[in-house]
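Engineer: Show me how the following folds:
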Amino acid sequence: MSIKENIAEIKKELPGHVTLVAVSKTKPDNAILEAYEGGQRVFGENKVQEMVQKWVELPKDIEWHMIGHLQRNKVKYMAEFVSLVHGVDSFRLLKEIDKQAAKHNRVIDCLLQIHIAEEDTKFGLDENELQEIAISEEFKNLKNVRVVGLMGMATFTDDLAQIRKEFKQLKSIFEGLRNLLPNVSVLSMGMSGDYQIAIEEGSTMVRIGSSIFGARNYH
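Structural biologist: Predicted coordinates for the structure are as follows:
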């Protein structure tokens, strides 16, 4: 099946309230253009340099999402155009995004990344850190970032019950956050292997790469 057909198939099974982020990392411009011609406008990248290059070369109505682990010293390169940063895993990073967004007179939407997986390799805040940020005065004074929701990644496992449990946990943290920040609306969870479960557990945004573009090319 072509990239266009893959997108059409996936969109057919996604409920209307769920946004599809096509994970285009390592993919060439022509593959992204094929997805674009199939109506896809939201793309996710995990390396800032690669995303900047694609932003320069590809249509300007594409929404670029930064979905990978983000280093603070890289924020300045994408502050001019990035639509949503998924992986904000520290208050220091959020403050840097605020600072760089201000230079472009922008407000950048962000998701706070919560650590729900049992693996130590995944980044993210725990519930206490999330609470501390949400109630802090310093957070309330940030004018150039808008926290619109949460993101999390389940453990990489075939144990579907465990994946479901982790997504449930993230959903309940999300509901708790709404008491502090009533405007949060985005829950980004679910990838090619587990997005059906994520949607059942309340995801509003899924990040899908290999089911659209085929296996990944690691250069």
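
Engineer: Which stretches in the protein count as helices?
Structural biologist: Assigned by DSSP state H, the chain shows helices spanning 3-13, 29-37, 48-57, 75-78, 91-103, 127-135, 137-140, 160-180, 195-200, 210-213.

Engineer: Residues in contact with the third one: which ones?
Structural biologist: Counting contacts by C-beta atoms under 8 Å, 6 or more residues apart in numbering, the residues outside helix 48-57 that touch it are 24-26, 29, 32, 43, 45, 62, 64, 66, 70, 74-75, 77-78, 81-82. In short, each C-beta sits where N, CA and C put it, glycine included.

Engineer: which among these end up buried?
Structural biologist: Buried members of these, counted by 16 or more other C-beta atoms under 10 Å: 24-26, 32, 43, 45, 62, 64, 66, 70, 74-75, 78, 81-82.

Engineer: Which of the residues you listed sits closest to Ile3?
Structural biologist: Ile32 (8.9 Å; C-beta to C-beta).

Engineer: Quick one: low-confidence residue ranges for this structure.
Structural biologist: 121-122, 216-219 (pLDDT under 70).

Engineer: Pick out the residue nearest the middle of it.
Structural biologist: Geometric centre of the chain, nearest residue: His86, 3.3 Å, by C-alpha atoms, centre = their mean.

Engineer: could you list every residue that touches that one?
Structural biologist: Gly44, His65, Met66, Ile67, Leu111, Gln113, Met151, Ser188, Arg207.

Engineer: for the residues you listed, which one is nearest Ile97?
Structural biologist: Nearest member of these to Ile97, counting by C-beta to C-beta, is Met66, at 9.6 Å.

Engineer: Please tell me how far that closest one sits from Gly39.
Structural biologist: For Met66, the distance to Gly39 (C-beta to C-beta, to the nearest Å) stands at 22 Å.

Engineer: now Glu127
Structural biologist: Taking C-beta to C-beta, one finds Glu127 at 38 Å from Gly39.
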